[in-house]
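In: Sequence and computational prediction follow.
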Amino acid sequence: MIRLKSMFTGIVIATTSLISTNFAIAADYPPHTINMVAPAGAGGGWDLTIRTVAKTLKDTGLVDANMPVVNRPGGGGAVNLSYMQTQSGKGDLISVYSPPILLTNLTGLTQYSYQDTTPLARLITDYAAFVVPENSKYKTIKEVMNALKQDPKSVKIGGTSAAGSMDHIQFLLVAKAAGVENLRNIDYVSFQNGSLIAQALGGHVDLISTGLGDVAGLVESGKLHALAQTADKRIGTGLIAEIPTVKEQGIDVIFENWRGLFGPKDMPKEAVAYWHDALQKMVATPEWKAALKRNGWDDAYQDEQAFTEFLADTNTQYKTLIKSVFGR
Amino acid sequence: MDILSSLMDGFSVALQPYYLFLILVGGILGTVIGMLPGLGPATGVAILLPMTFSMGPTASLITMMGVYIGAMFGGSRSSILINTPGDGAALAATFDGYPMAMKGRAESALAISAIASLIGGTIAAVLMTLMAEPVAGLAIKFGPAEYCLLMVAALSMTVSMSKGNMLKGFLSMCIGLAISTVGIDGQSGLQRFTFGVLELQTGIDFLVVIIGIYALGEVFKSFSTLGEGGKKAQTKFKKIWISKDDWKRSKWPILRSAPVGFIIGALPGAGGTMASLMCYNNEKQLSKNKEEFGHGAIEGLAAPESANNAASIGAMIPMLSLGVPGSGTTAVMMGALLMLGIQPGPLLFAQHPDTAWGLIASMFVANVILAIVNLPLAGVLVRLLAIPPKVLYPIVLSLAFVGCYAISASVVDFYILIILGVAGVLMARLDIPTSPMILAAIVGGQMEQSFRQGYRISNQDLSAFMDSGIAQGLLLVTVLSVLLPLINTIRSKMVNKPA
């Protein structure tokens, strides 16, 4: 008897929840629950971004729906990207991504690209920083590039991500703009165990290519010396503001480690319009501005149209580079 | 004198009732999280992170410290009682801890584990107070070449320790190395052995290997006897304490292992797993009763337990004095510090002395509190052994799967887990030791990557691997670890010959 009863309750709950989701998508947006997905484990940059977005939208009352954060890690975001293909046409899933959504596709790790999603908005950005130990013989990024022009093996570049991923590509973009040839011969060394900064402190690599946010503290303490960053203007305050841009040193390129939100492919029109509205309002709230400041993020808001154009341009830029370096 | 007065200031923070309470709550939470396979200190601290925003930096850090050390205490509970390490660092506790429990000595095992953890942790906290700076300096001397040789030394020690048969140990190691090559290769960005499965791109987590081989393997092994109802391991329980003789045997192993664990823990990326396995092997090498190791030798449990807690404190050094996180957990802690507006690194002690010294003092306090909490807790936990296998094993199975899912949220790992469980049974049948395989799965990836990093940085010059004194020392250890057992065997043959 008890078993029958609980089975019945289960069926009722299952049916009502099924009906409610279907109904919500057909009739009005937002639905009762919108899954906010971080395509990586808890604790990383993607995770922090989507949690901050969900919290800000909830606290400010801009989105009246449950927004549980789901972690779907694997394959540098590719596992979630595959999953999103099974959700196409739906409106109850929002995921955060950054340049790897382009890079994993261009280097052949996944067949899906940003074109298999619905870009919703670009929100924030960090920049690349090129950092040397305090006693390094290189004082400017120009000197590094000149050394590489002489001998591409003379400067060993360290980074956290795998070869062909962000830390590698951001350096090569700058090297290419500086006129270094034979990009393929530059030695990039990947330190994925979290020891990258220690390797730089110990002088085991000549230069590390990383995020400005990751080395800010060490640069302030004077143990590491930042040669350049890749924004189009000076960033931050104090010693961080003293880091020159690569542009100032005559290398005409910028690199942005942006983060933005994406829905599944063919997201319903009313859902896209809803998020356009909600996110545009969100980036103007004091809560969001406080979150930017707290996390050291730079505001980089673009709405869905501008973001889609930006993605197309950036994708072409990376594609040319990856083709010339890796031949794939 | 300066350090002493700063530390006293730290204690005046950490001993306030509010902070004591936080350490206690954090410690108990951490112990529970640490016991569950797959959930380690990093997860525990990450879960707590949002709560700490409202508490202020000192309170938040002290709570996290409680969770961190609690998880280190808790990790080995499940190693001893159900042969399933809570995390990598508790792996070595299964080698002799579980056999002790099976022999009806679970009380002594749980007691020595808590005592060794307390002593190891306290010695490390003293070392940390006195020598944080020089140890941090030593840690950054480890470049790719030194990392590579450290891994080689650890592996060769484990293989050469393999009971009786070095060849079988070598075979086991090769399986582990093969597992460690799955995934995207960092240096080339290419996929290896992923067979088009996206989930395999990030590789096979070594915790999945551990849970598969140990937890599932143990359950599968018992299938043949389960039909007979299975016997309870133990029904009567004594007090959780150790005998005088136990203490005499464990004293030196505990004291020796703490500094070794501390230094290995301070190397970014090496961590408690390496530290505890190396100290286990050390003790086995030094011990007069080698043959008892693996069958419930108390020093074989005391040494890794001491090393593992010492390593967890050593891992704080790169974070506090260099601003470089040395492990997954300290990375999460560092993230929390940054969010609270505190920059870890060389300036921490100058800019936020109360937080920094409060944290160090809380290491001492947390170790003591957790030892006190863990002894009565062990008295409850030990009754797990009274649960008949046909009830206990389904629980172990579900814990194994939940823990596995908690690591990567991927169903693909379930299949890997089951395959490894079967492999665990087969290896036991064929008498192939599993520890070389596990260690190879843990360090293999990093050993290979370090080798290729060093090779690339030195422009393909192998002699770079012998340049530094540290590298030469590690090479010597490797050579000795292979030669010593060999010499011992030859010597014993010569002795036996006349007879």
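Out: Arrived safely, thanks for sending.
In: how close does the closest residue to B:F237 other than its chain neighbours get to B:L110?
Out: Residue nearest to B:F237 in three dimensions, not counting chain neighbours: B:V382, with 5.8 Å by CB to CB, 6 or more residues apart in numbering or on different chains. No exception for glycine: its C-beta is placed from N, CA and C like everyone else's. Here the distance between B:V382 and B:L110 works out to 6 Å (CB to CB, to the nearest Å).
In: which neighbours do those two share?
Out: Residues touching both B:V382 and B:L110 by CB atoms under 8 Å, 6 or more residues apart in numbering or on different chains: B:81, B:240.
In: what pLDDT does the residue sitting nearest the centre point of chain B get?
Out: Among the residues of chain B, B:A89 comes closest to the average C-alpha position under CA atoms, centre = their mean, at 1.2 Å. pLDDT, B:A89: 83.
In: and what of the one 10 residues further on?
Out: You'll see B:P99 listed with a pLDDT of 90.
In: The helix or strand hosting it - contacts with which helices or strands?
Out: Per DSSP states H and E: B:P99 is located in helix B:92-102. Applying 3 or more CB pairs under 8 Å, 6 or more residues apart in numbering or on different chains; DSSP states H and E, one finds that helix B:92-102 contacts helix B:57-82, helix B:106-141, helix B:271-286, helix B:299-314.
In: where among these is the average confidence lowest?
Out: When I compare those, helix B:271-286 is least confident, with a mean of 83.
In: Just confirm yes or no for it near chain A.
Out: No - Helix B:271-286 is not in contact with chain A by CB under 8 Å from any CB of the partner chain; minimum separation 9.6 Å.
In: buried ones in that helix?
Out: B:271-285 (16 or more other CB atoms under 10 Å in any protein chain shown).
In: winner for burial among the helices and strands packed on helix B:92-102?
Out: Most buried of the helices and strands packed on helix B:92-102, by mean neighbour count (mean count of other CB atoms under 10 Å in any protein chain shown): helix B:299-314, with a mean of 35.
In: so that one versus helix B:106-141, what angle?
Out: 40 degrees (axes from the mean of the first three to the mean of the last three CA atoms, to 10 degrees).
In: could you check the angle helix B:271-286 makes with helix B:299-314?
Out: Using the same axes, to 10 degrees: helix B:299-314 against helix B:271-286 is 150 degrees.
In: I'd like to know which elements helix B:299-314 is packed against.
Out: Applying 3+ CB pairs under 8 Å, 6+ apart, one finds that helix B:299-314 makes contact with helix B:57-82, helix B:92-102, helix B:106-141, helix B:244-266, helix B:271-286.
In: Strands of the chain, start to end?
Out: Let's take chain A. A:35-38, A:69-71, A:93-97, A:117-133, A:157-159, A:188-190, A:207-211, A:224-229, A:256-264, A:298-302 (DSSP state E).
In: please go with chain B instead
Out: Under DSSP E, chain B gives strands at B:183-184, B:191-192.
In: Can you list the strands that the last one pairs with?
Out: Just to be clear, that refers to strand B:191-192. strand B:183-184 (antiparallel) (DSSP bridges).
In: Report the mean confidence score over the partner strand.
Out: Strand B:183-184 carries an average pLDDT of 88.
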